[in-house]
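Engineer: Here is my input, please return the structure:
(2 chains)
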Amino acid sequence: MIITKKRDLEELKENIKNYNSFFLIGCSECATLCGTGGEPELQAMKETLEAEGKKVTGSFVAKTGCQVLGTKVELKPFKDALAGTDCILVMSCGAGTQTAVELFQDTAVYPTNDSLFLGNMTRMQMFDQRCSLCGKCVLDKTGGICPVTACPKGLLNGPCGGTNEGKCEVSPDMECAWVRIYNRMKRIDQLEEMKKIAEPKDWSAGNTPMNLNAREKKGGG
Amino acid sequence: MNFKEALNSGKFAVTAEVGPPKGTDIKEMLHDAEALKGKLDAVNVTDNQSAVMRINSLSICKILLDMGHEPILQMTCRDRNRIGLQSDLLGASVLGIRNVLCMTGDHPNAGDHKEAKSVYDIESVQLLRVVDSLNNGKDMMGNDMKGATDFFQGAVVTPEADPVEPQLMKFEKKVAAGANFFQTQAIYDIGKFKEFMTYAKKFPVKILAGLVLLKSAGMANYMNKFVPGIKVPGDLIDELKAAGKGNALDTGINIAARHIRQLKEEEICDGVHIMAIGAEDKVPLIMERAGLL
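Structural biologist: The predicted structure follows:
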């Protein structure tokens, strides 16, 4: 899921100082699990804004805020509230914010969160980054542990000289990604694979902006 | 005799390093470099060592070359992408620099620009291959170049990495990628280093043992605690302690000299790389006491 955290409130206040009426959009997916854009957070934001003397015309939690058309349909019942709104606050990720920008082209839209990474939830509201969405997966060669993400240098050919009792030189709280990969490859009897030199990575596979049309072409085209 | 010829002749090679300063005042660095002239087989010039921003390695290599030194250009992959690295390698070549040490580079987190965007487009093993490709007249994408480079390329290895197995796998990759010589991370336990050399001698590469000059017991303890891959044995720390504050540096010089003497006399490796870290002026003294001058 997309991991978000709340932006600095003072920065947000500065963003919205010239607006008076707000509509809040959360998201039932990632932002709810992150505690940044579910019902309780929307309610808290409403109270914060009202304490600042602002008006909240309405709020709703989108089912999936990054789905543009779905969110558009879900917003239909809020037409009146939105008509009297001069600023929309999106309490999900950067994708959710830009759904709102597309749907409300004449209204100011601000994010209340910073979008951090694609994360795995390890425990309630605890997240790890394991995939960087680099565009060309290397997990088939690394025992399923991603060095592009887990190694701060993104090394593809083994550990640097900074391995320290299996920890990373960047932080002793972090396991060395390549020691993890080595141990994993050993366990699954694939150390031979690890001995092969990895070619320079094609970073262009991750060039932004990306788009994808995954629709099956009709007629076998 | 250049560095490559020295190593290939079977001579016990000695290298040291010069760290470019932060800022444009290079007087002190030049003074240290002058004192090393004619004594070394090559001198490494560090590349923004510890991710602390300084004068680039290439410029100082050229200055040292003009002084009559044989420079080794240290190149890390932290600050330049594959275009920048190759471009700088071609530049180094036309400036007459012949030796390059390929490294991944310390993370910006270690340095004085922690907010920097690190590059690591490629890394040490791949950089060695890039150099090999440039030596063969093609860039890394296989495009023909007008004129090839003629680099003697090397790499680094940490014999006391913990765990060592993945480090040795990488060492073998570096050999396969074209490394001709290795300068090791600092080693202090000669017995352990001998074990590493028994393994490393199976490969057609030259190994220079890295020696970091111990300046005090405190420094040794600090390195044991904070520098990955460096292990100063307790008896050396005791020796530094026993020497007392005023004599610790002199004792450190003796330890380095003693180790060099043993490495050379027992023909354990192909040479030494002396890292004096801020005490470059002591390198000639170490060499003298080791019987190298």
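Engineer: Grab the nearest non-local neighbour of residue A:45.
Structural biologist: Excluding its sequence neighbours, the residue lying closest to residue A:45 (C-beta to C-beta, 6 or more residues apart in numbering or on different chains) is residue A:24, at 5.8 Å. For glycine as for every other residue, the C-beta is placed from the backbone atoms N, C-alpha and C.
Engineer: Equivalent analysis for residue B:178, please.
Structural biologist: When the adjacent residues along the chain are set aside, residue B:178 lies closest to residue B:132, with 3.9 Å between them (C-beta to C-beta, 6+ apart).
Engineer: residues in contact with the one you found?
Structural biologist: By C-beta atoms under 8 Å, 6 or more residues apart in numbering or on different chains, residue B:132 lies in contact with B:153, B:177, B:178.
Engineer: you'd agree residue B:15 is in a strand?
Structural biologist: Yes: under DSSP: H, G, I helix; E, B strand; the rest coil, residue B:15 sits within a strand.
Engineer: ok, what's across the strand from it?
Structural biologist: Bridge pairing for residue B:15 (DSSP bridges) gives the partners residue B:42, residue B:273.
Engineer: Can you classify residue A:48 as helix, strand or coil?
Structural biologist: Secondary structure, three-state DSSP: residue A:48 is helix.
Engineer: With residue B:214 instead?
Structural biologist: With three-state DSSP as the basis, residue B:214 sits in coil.
Engineer: Which single one of the contacts of residue B:132 is nearest to residue A:192?
Structural biologist: When those are compared for distance to residue A:192 (C-beta to C-beta), residue B:177 wins out at 17.6 Å.
Engineer: how far away is that closest one from residue B:127?
Structural biologist: 8 Å (C-beta to C-beta, to the nearest Å).
Engineer: Those two - which one has more neighbours?
Structural biologist: residue B:127 (31 against 21; other C-beta atoms under 10 Å in any protein chain shown).
Engineer: Skip the chain neighbours and tell me the closest residue to the spatially most central residue of chain B.
Structural biologist: The centroid of chain B falls nearest to residue B:183 when counting by C-alpha atoms, centre = their mean (5.2 Å). Take residue B:183 and drop its neighbours on the chain: the residue closest to it by C-beta to C-beta, 6+ apart is residue B:273, 4.2 Å away.
Engineer: mind checking pLDDT for that neighbour?
Structural biologist: Residue B:273 carries a pLDDT value of 98.
Engineer: who are the neighbours in contact with it?
Structural biologist: Residue B:273 makes contact with B:14, B:15, B:16, B:17, B:44, B:183, B:184, B:208, B:209, B:210, B:211, according to C-beta under 8 Å, 6+ apart.
Engineer: re the thing from before, state the pLDDT value of the residue nearest to residue B:178.
Structural biologist: pLDDT, residue B:132: 98.
Engineer: could you say which helix or strand contains it?
Structural biologist: Secondary structure from DSSP states H and E places residue B:132 in helix B:124-135.
Engineer: what's the next secondary structure element after that helix?
Structural biologist: Next along the chain from helix B:124-135, counting by DSSP H and E, comes strand B:152-157.
Engineer: Identify, from the contacts of residue B:273, the entry nearest to chain A.
Structural biologist: Nearest to chain A, judged by C-beta to the nearest C-beta, of the contacts of residue B:273 is residue B:184 at 9.5 Å.
Engineer: what's the burial count for the closest one?
Structural biologist: By other C-beta under 10 Å, 25 other residues sit near residue B:184.
Engineer: The closest residue to it other than its chain neighbours and residue A:80, how far apart?
Structural biologist: Spatial nearest neighbour of residue B:184, excluding adjacent residues (C-beta to C-beta, 6+ apart): residue B:210 at 4.2 Å. Distance, residue B:210 to residue A:80, using C-beta to C-beta: 74 Å.
Engineer: mind listing the strands in the chain by residue range?
Structural biologist: Defaulting to chain A. For chain A, the strands defined by DSSP state E occupy A:2-6, A:21-27, A:55-62, A:87-90, A:108-111, A:113-123, A:126-129.
Engineer: hmm, I had chain B in mind actually
Structural biologist: Under DSSP E, chain B gives strands at B:13-18, B:42-45, B:71-76, B:99-103, B:152-157, B:181-186, B:206-212, B:271-275.
Engineer: Can you say which of those strands is nearest to residue A:6?
Structural biologist: Among the strands of chain B, the nearest to residue A:6 by C-beta to C-beta is strand B:71-76 (37.0 Å).
Engineer: what's the angle between the closest one and strand B:152-157?
Structural biologist: 50 degrees (axes from the mean of the first three to the mean of the last three C-alpha atoms, to 10 degrees).
Engineer: which residues are in contact with strand B:71-76?
Structural biologist: Residues contacting strand B:71-76 (C-beta under 8 Å, 6+ apart): B:3, B:15, B:42-48, B:57-58, B:60-62, B:64-65, B:85, B:88-89, B:92, B:97, B:99-106, B:127, B:154.
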